[in-house]
Structure formats: structure tokens, C-alpha cells
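1. model the following, please.
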Amino acid sequence: MVHAFADSGNATNKESKTESKWKEIIHLLEEQAELERAQRELFIAIACSNYDHLVQCFKHAAKTSNHSLPVANPMDALQELVHEKEKQAEAVRAELDETIHVFNECIAETEAKRVEAVHLSSQVDDSCRRLQNVEKAEEASDIDSSALEADMLAMIREITAQDIALLLNSHVPTETSLVVVKALSLLCGVVPRGRRNATEYTDVEWWKTAQALLMDRSLLRRLRGYRQQTISPDVMAKVRREWLKTPAFAACSAAFKDSRAAFMNNNNEGGERSLNSRIPPAETLRGNIVGILATWVQGVEIEYKARSERQVLVERKRQLETALTMAREKQQHANFEAQVEARSLPARQEEVEAVRAQSSAAEKELEVAKKRLNTYKLLNYAALSGHTPLTFACAVGNEAIVHMLISHGASSGHQFEEQSLCASFIQVLVRDYQFRKKFERERRQQELSAGGIKLRSDAATEALVRNVAHAFIVGHYKRKLFHFRQTHRVALHEAILNGYPEIAAILLSKEAKVWQKTYVLPERVYPGALLEKLAPISPQAHDVVKRRGKWKLQPLASDQKKSQGDPGNSVEIDYQRPMTVTDTLNCALKYYDSRLFKATTGWEPPDVTFYSSTADFVNDALAKMETTRHQWQKELAIRRNVMRKTAELKEKHTALEAAIISRDFVKVSSLLEDGAFADFETSEGALSALMAACIEEVYVENEDRKDVLAVEYLLDRVMNRPLVNYESSHGATPLGTSAFYGTLKCAQVLIERGANPNLAARLNGRTALMAAADNGKEDFVRFLLAYSEVDVYLHDSKGKTALDYAQTRGFVKIAGILEAAMGGSRGRVVSTISGLYGVCKWGCGFMTQFEDHLVKQAKVIMDTNPLEIHELHHCPKRHVICPNGCGIEKLWADELKDHLDHSCALRLVSLFVCNTLKRHQRSCPMRFVVCGNGCGEELREKDRVEHERHYCSLNKAQSRISR
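-> Below is the predicted model:
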């Protein structure tokens, strides 16, 4: 009927869209009918345990994965696979057609090359024949010329001096003689003198010239060497035009004409061409000097013509040879191409066969993909009774078939379509909830801004329309979800109702969920089952079952109804009410349970019934589910605590990062007390708190009210202290950071707290010594070299040492220090307590720091040099000068007092001669006085006399000597 309706529609409406729509509808209906037919056959095979049919049906089905949550729709994936295989098959078919077309073209091209080669071969043969003919003609011409030459020589030998004298004695030559001697003279290259044009010569002049020629002794030699003469075309043309065609010249030799006629007759009769038959025999011309000379002229003309013919033949021969060479090259090329094409035919044939094999494989793969798609549709298609192959196998109770169906793609739990509908339904609900919350917030804000007055606006109208649309969408997905659930049976409920706990266990192990409800009344399947023994449903549903027959779908109600006729108000199951596993088990126990009877042992005990094992299995499964639920709740609580602690720790780390950046180490310590990670790195630079403390020598007031370095403050913590050898994600260490910035005191604290001076970063293999050498920190290099355990020969990941870094950066002093260290000398810094400490250079044994800070309230007031101050002002062994000026400069400081008191020559002593000190000072030889000569120089009294006599510039004796 559908086909007829489609035909009628096509008859009335010829539009292409309508035709395609009807064709699509017919195709879908035919596919549905084919699917129902295949499902009926599958149900029969399941009921009859026809494994051969099942194996044949699932021959090309894909094995399912163990992933419990499919990330994509299997139907869409299979359809996409079919489309892909169709494209591949179409591409391979097109490739096969193209390959066959190329193969046919190759065959045609091979045949064309072969025909071309044959044609060129015939051309070569033809050219060879023509060349042979030309060569034969040239050879014949040479033979004829040789024969003519022999006849001409024989004829010339007949010329005698008497004949020449007889001709010369003719004072008035005849016309015939004159014509012959003119031609003879012109061919011999002899012309009269005085004029340039030969047409202007008179007969007398020609005759005189001819007489001179005849009297020349070289005449016969010239006549015999006519073949060596070069006659110009103009001369021969003049001879032919003016003399050979004249009657006088023709009448000179009647015998010649007769011989000529005889030759032509013989040639017309098919005889061979012979030039020697063109001239008369020598015996016939004996004594006829004019005839001999005329014959010679005629022979020269014949030789000239033969020579021209030979030149033409030579040119023709050259052209034929060139053409033959080109034809042979073309023939060779054509033969080679024909051979190549002929040899490529098997390869082309193999390509065609390979592509044909690919096409066959692609067609098979396409067929397999289509069968997989059909098998998946068959396994997940629900009949009008709500049964899928899996639910029917669970109701029948065949474990092997259940295993086979699940392994080939049947869904034991929620089907993918149901999962997709649930996901869409939840998304719509969440969107609707979010929209309502947003609208409620906006409404409250508007009311607050308007003073509590409820406003009516376009936004409210739009929200109302949006609410209606959301409600419609929610209802749409809800109806679709209920329709799907009310048309599909649940395999677990079917197995429980029919009393197959083994199958239920298989389903639970294959992704089925024990909390899954059924929206279809489970059906008891056994041979001879009656309608009256079905599960108790409402009378209306029972009537529907009777009218429609068995195996009909019975949806359940969403609410429970109490029957009014039952005095006990018992609860009965009505339409569209979902049933849990417990409800299904209770229904089975109430209406289908019975005692067991065995033929060998008789009746089982009363507590052992048909559904005892099923009830035990369901109760165990529910108990496990409850236990798992409690475990999940505990795990969820633990995860929530972890998330809460993680959030708190994240906040602490955010504050810790800010404290590290601002160098607030008191705040850092407080955060570490609260549980922040001691070696936390900043997001930019990967800087930890300890590394930040090593950048600069910062002081912090500790709990004892003492100013200590921030590094010492962090490392002396009792708990949650940072690691002294910690390496950041960028390959930095605290000691390496200190070496980079040259903070010696921080490095001293780190090493005292256990820092490894030879620690190489895992990222690049660099040590603190390399960092100091690379950044030009000379003092830090000396500080590290003061430790004997520092290895100066270590290499980083690039194979470079600290010396290489110093030399590369041009730090000459550091390079010298490192070279000395490699040689065994580590400078003046001794390895006592630390490289920061030095020993007094005067040898008193005092040891103190090279550099120090004067700190007050955690702030550096000034930088000090304790060792230098000691050496300059406090060392008892330092060298001092006697303050009395006695001339001793190298005195120890602790000996100065004894020197001033006892051994100084200029010390103050008590004098008994003088009564008073004032008197002594007036007479003391060490007192300062002024020169008596008036030069103004101050000097001691003991030196005054010598100065005035010898050195004073105002000395009168010296002045006289200078004059």
C-alpha cells in the first residue's frame, strides 16, 4: 500500500524533493521490516538454542570493549565507519577504473608505437631501395662516362697532322667548319683578343683564333683532358644555344645523327642505357677532321650533362642518406619505446590486479561494516513486546547466549540512547535552574533599586516566554525518556523474575546496575504459561492482555494505587509505575514462588523454594550496593576534606608567594607555621623562600630578640624547615642562588647547615662554583675554594668546568684563582672555621671575619671590616712608629710602652742636674730653634751650628766663595 501511495504521489507531483522523501520513507520501512524479520529469526534461535544461527548472525559483529562509559554513540560510530568504508570503496573503484583506463591507454599506446615502428621500418627500407637506385645510377653514369672517354680517346687518336693542315689551308672555311671551330675554341677557353663580349667577335677573328688553336701542339692534350676541364654553365649554355642547335652544326656529321637515332630506338625498345652508343665509331670518322671535332664537342656536351646528372645524384644521395639516418634513429627510438611499453604491460597488469584486489578487499570491508551496523541495530532493537535479544535470552535463561550477546555489543545495563536522553534531560534542567536563579537575582535587584515596587518590563515578559520555552523543552525530554523506558525491558529484572541468579550475576559483572528500575512489567517465560498466571495487574490491563494476546508490552504507573475492593487495602501494581529489583523479587516471590520437587530426593524443605537462590543473590547484591554506597560516601567525604585542605593550602601558597616576592620572611615563617609547603616555588622564576633569602643578606629579628640572617632564620626552624639542598624546577639551588648574587654570609650559613658545595643541578649539572665563576664573583670563588671538599674539576651537562665559564666570560682573576686551585694552591684563605674568617697578618693568632654588618633592629646600619680594624688598631703584633721620633719604625704595639719607658733615646727622663724641667727645656739640645743667620729655618739645637756654618743660604763665608 505504501508503494502504491508513493507511486500515486509521484504521479501527481513530479518534484524531486517529494520523490526523494517518499523513497527515503520506503527505504526506512523496508529496513524496519527486514530488522523485524531478522529479530524474529534471532528470537527463535535463542529459544531453540540454535548456536549455528547465532554464530552466523554474529560472524562479523565487533567485540565490545571493557570501558563502562562509552565516549561516543556506537551507532554513530558504526554509521561513520560505514560511510568511511563506502568512501574508501568508491575511491578504490575509481582508482580501479582509472587503472584499467591507464592500462587500456598503455595497450593502445604500445600498439601505436608498434605500428609506428613498422611504418618507420618500411620507410627505412624504401629509403634504402631509393639510395641503392641512386648509387646504381651514379655508378652507371660513371661507367658510361668512362666508356665515352675511351671512345673519345680512340677518336682523337684518329686525328692526324695532315687532317689539321688540310683544315688550316682552307682560306675561306665553310659554315660547318666555322661553327665547329667556334665551339671548339670556346670549350677550350680560347677566344679572340680585343673584345670582352663574345657576341661581338667576327667570323674572321674566330677563324684566326681557331687556326692558332689548331696549330698549338697542346691541342690533342687538351682534347684528351676534356674531363678535367671546368666548363662554366654560361659557356655550355652558349654552345648549346648558338652552335649545337644550328643546322650547320647538325649537318656536320650525318653519321652522328644516324647513330643517335639508332640509340634512341634501342632505348625505347627497353635496352640498357649506353653513352658510348651516342657517338659514331672512330672508323667512320677517320679522315674527317671536322666530324671528329664536332663529335668531340658533342661528347663534351654529353659529359657535361652526365656530370650535372651525377651532381644531382650525389645531392640526392646525400639527402637520402640524411633522411635514412633520421629514419633509422626514429625507428630505433620507436622500437625502444615499443619495447618499453611492451615490457611495462605486465607491470600495468599487476597494478590492475593489485587495485582489483584492493577493490575486492574494500568491498568486503564495506560489507563487514554494514553487517556490523545491522548486527548492532539487531542487538539493540526492541520489539513491540519490549524485548531485545538480550532481555529475551535472560528471560529464557541461556547463559551461553547471554555471554555471546554481551560480548558482541548488547547492552546489559542502561543503553546508550537512554544515557544520552538522561544527559540531555539533566542539561536542560540545569540550564532552567540557572536561568531561574539569574532571573530571580535580577528581579530582586530591580525591586531593591525601585524601592520595593514590583516592575513590569520587557525583561519580565521575555523571562516569562523563556520559562514557558524551558518548561516545554523539559517536558519534551521527559516524555522522550519515559517513552524509551516504557518501551524497553530491563534484562536484570527479566532474569530475576524468571529465577536465574546466574544470569543476573553475569549482568551485574557486565556493567548492569542493581539500582536500575524497570518501567515495563517483567514477564514470566516458560512453556505453557497462562494469562491468568501473569503478575497481577489491573483489570483493565488484564483485559488488554487478553485482547492483544501474549508477549505484549505492559507499562507501569508512576504512582501506587490501593484497590478499593480489597478490604486489606493491599497495594497492587498499575500502569507506568517503575519497579525496583526488590519489587520485582517480591512480585516473583508472591505470585510465582513454589517448593521444589526432585525425582531422586523428593520434596525439598519448606524454606528451599524456586526463588531461594534468586532472593539470596538479590539480597547480597543489595547489601554490597549499600556497603559500596557507604564506602563512596566516606571516600566522597575524604575527597571533600582533601579539596578543602587543598583550597586552604592554595590560599596559603598564594600568600606565601606574595611574601616571597616582597621578602617578608616573618610572614613566610608564619605561613610555614600554618602548614604551607616549605619549598614552595613562585609561579614566575621558580623561587623558593630559602632562595629568596639567599639573594640578599637580609636580617630578621628572631624569637630571642637577636638579629640573624633570614637564611639562618628559616633553617633554624624546629619544624617545617626548607631543605638546604633543594633544587627547583628551573635547576636552581639555595647555594647556587647565593653564588649567583655573591652573598657570602648566606653561603656560610647554608654550608654550616649541611649544604653540599659540590651539588650539581639535575637540569644542567651546574654547581655553585660554576655559577660564581660565570657571574664574576671573585670573593665567592675564594670563599668556596677555602673548603677542601670543593671539587674544581666537575663538569656540567655541556662538559664545561668552572674555569671554562670564567675564561669564556673574560674574568681573568677568577680564571687565575681556579688555575691555581687546580694546581694545588688555594690562596691565603685557610680552611679553619670558614672561608669568611681570616687570621691576623701580623701573626698574633687572632681570627675574625673579613666583612661584617652593624645591625640594629633587623636593619643594616653600616658595613664593617673586623679583621682590617684589628690589624690596623688592635693587634699587639702590628708594626708601629715611635711617637718620640727616635727613628725606630718597626716596633710591635705591645713593645711600644716598654720602648718609650726604657729604650727610646728621645724619651722624657728625670734630670737631677736641672732644678726644673723648664730650665732643661731651655738648654735641651733637642729643642727647636731658628737659624741665627736669619734664613728662617727651624731645626734642633744640636744641628744649628753645623747648619749655620755649612748649609745656611745666608752664610757669609759661602757668599764670599761664590763671588
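2. tell me where the stretch 501-650 of the chain has helices.
-> For the stretch 501-650 of the chain, applying DSSP state H, counting those that start in this stretch gives helices covering 501-509, 539-548, 581-591, 612-662.
3. export these to a markdown table and tack on mean pLDDT and distance to residue 140?
-> The C-beta positions use only the backbone N, C-alpha and C, and glycine is treated the same way. Formatted as a markdown table, these follow (pLDDT from 0 to 100; distance: least, Cβ to Cβ, whole Å):
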| stretch | mean pLDDT | distance to residue 140 |
| --- | --- | --- |
| helix 501-509 | 91 | 111 |
| helix 539-548 | 51 | 117 |
| helix 581-591 | 88 | 122 |
| helix 612-662 | 91 | 116 |
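4. ranking those helices by burial, who's on top?
-> helix 501-509 (a mean of 19; mean count of other Cβ atoms under 10 Å).
5. what residues does that helix touch?
-> 394, 397, 399, 402-403, 406, 412-413, 491-492, 495-496, 514, 613-614, 616-618, 621 (Cβ atoms under 8 Å, 6 or more residues apart in numbering).
6. residue 34: which of the helices of the stretch 501-650 of the chain is closest?
-> helix 539-548 (24.3 Å; Cβ to Cβ).
7. that older thread, distance to residue 114 added to the helices of the stretch 501-650 of the chain, as TSV?
-> Formatted as TSV, those follow (distance: least, Cβ to Cβ, whole Å):
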stretch	distance to residue 114
helix 501-509	72
helix 539-548	79
helix 581-591	83
helix 612-662	83
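8. what about residue 952, neighbour count?
-> Residues lying near residue 952 (other Cβ atoms under 10 Å) number 19.
9. for the closest residue to it other than its chain neighbours, give its distance to residue 947.
-> Spatial nearest neighbour of residue 952, excluding adjacent residues (Cβ to Cβ, 6 or more residues apart in numbering): residue 933 at 4.6 Å. Between residue 933 and residue 947 the computed distance is 9 Å (Cβ to Cβ, to the nearest Å).
10. the helices of the stretch 501-650 of the chain: which one's closest to residue 204?
-> helix 612-662 (138.9 Å).
11. surely residue 753 and residue 714 touch.
-> No. Using Cβ atoms under 8 Å, residue 753 makes no contact with residue 714, being 9.7 Å away.
12. neighbour-wise, which of those two wins?
-> residue 714 (27 against 16).
13. avg pLDDT for the helix or strand where residue 304 lies?
-> Here residue 304 sits within helix 289-380, counting by DSSP states H and E. Here helix 289-380 scores 87 as its mean pLDDT.
14. repeat that for stretch 942-956.
-> 78.
15. quick one: buried residues of it?
-> 944, 947, 948, 952, 955 (16 or more other Cβ atoms under 10 Å).
16. and the first one, how far from residue 954?
-> So that's residue 944. Distance, residue 944 to residue 954, using Cβ to Cβ: 13 Å.
17. now the second one
-> Shown here: residue 947 relative to residue 954, a distance of 11 Å by Cβ to Cβ.
18. which residues do the two both contact?
-> residue 931.
19. and stretch 151-166, end to end?
-> Using Cα to Cα, to the nearest Å, the end-to-end distance of stretch 151-166 comes to 24 Å.
20. state the mean pLDDT of that stretch.
-> Regarding stretch 151-166, the rounded mean pLDDT is 80.
21. contacts for that stretch next, please.
-> Against stretch 151-166 from outside (Cβ under 8 Å, 6+ apart): 214-215, 219-220, 223-224, 226, 276, 279, 281-282, 285-287, 289, 292, 295-296, 299.
22. so how far is that stretch off the chain centroid?
-> When distances are taken as Cα atoms, centre = their mean, to the nearest Å, stretch 151-166 is centred 104 Å away from the chain's centroid.
23. returning to what we had before: looking at the contacts of stretch 151-166, which are in strands?
-> Nothing among the contacts of stretch 151-166 maps onto strands, per DSSP state E.
24. going through the residues you listed, which ones are buried?
-> Buried members of these, scored by 16+ other Cβ under 10 Å, are 214, 219, 223, 226, 276, 279, 282, 285, 289, 292, 295-296, 299.
25. and residue 940, how far is that from residue 377?
-> Counting by Cβ to Cβ - residue 940 and residue 377 are separated by 132 Å.
26. of those two, which one has the most company?
-> A direct count of neighbours by other Cβ under 10 Å for residue 940 and residue 377 places residue 377 higher, at 18 against 13.
27. hang on, the more buried one packs against residue 34?
-> No. The pair residue 377 and residue 34 does not pass the contact test of Cβ under 8 Å, sitting 10.0 Å apart.
28. returning to that earlier point: the contacts of stretch 151-166 in helices, which ones?
-> Counting by DSSP state H, the contacts of stretch 151-166 place 214, 215, 219, 220, 223, 224, 289, 292, 295, 296, 299 in helices.
29. and those residues, which is closest to residue 906?
-> When the ones in helices among the contacts of stretch 151-166 are ranked by distance to residue 906 (Cβ to Cβ), residue 224 comes first, at 154.9 Å.
30. which secondary structure state is assigned to residue 687?
-> Under DSSP: H, G, I helix; E, B strand; the rest coil, the three-state class of residue 687 is coil.
31. okay, it: pLDDT?
-> So residue 687 comes in at 88 (pLDDT).
32. how about the contacts made by it?
-> Residue 687 neighbours (Cβ under 8 Å, 6+ apart): 660, 681, 728, 732.
33. would you show me how to pick out the buried ones of those residues in PyMOL?
-> In PyMOL, a selection of the buried entries from these looks like this (16+ other Cβ under 10 Å):
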select buried, resi 660+681+728+732
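34. now render the contacts of residue 687 as TSV, adding secondary structure and distance to residue 788.
-> Below are the contacts of residue 687 laid out as TSV (DSSP: H, G, I helix; E, B strand; the rest coil; distance: Cβ to Cβ, whole Å):
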residue	secondary structure	distance to residue 788
660	helix	34
681	coil	33
728	coil	28
732	coil	26
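35. distance to residue 924 added to the contacts of residue 687, as TSV?
-> Listed next are those as TSV, based on distance: Cβ to Cβ, whole Å:
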residue	distance to residue 924
660	74
681	79
728	77
732	73
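36. which residues in the stretch 801-950 of the chain form helices?
-> 802-809, 812-823, 866-869, 896-898, 917-923, 941-946.
37. most neighbours per residue, which of the ones you listed?
-> Most buried among those, counting by mean count of other Cβ under 10 Å: helix 802-809, with a mean of 20.
38. thanks a lot, see you next time.
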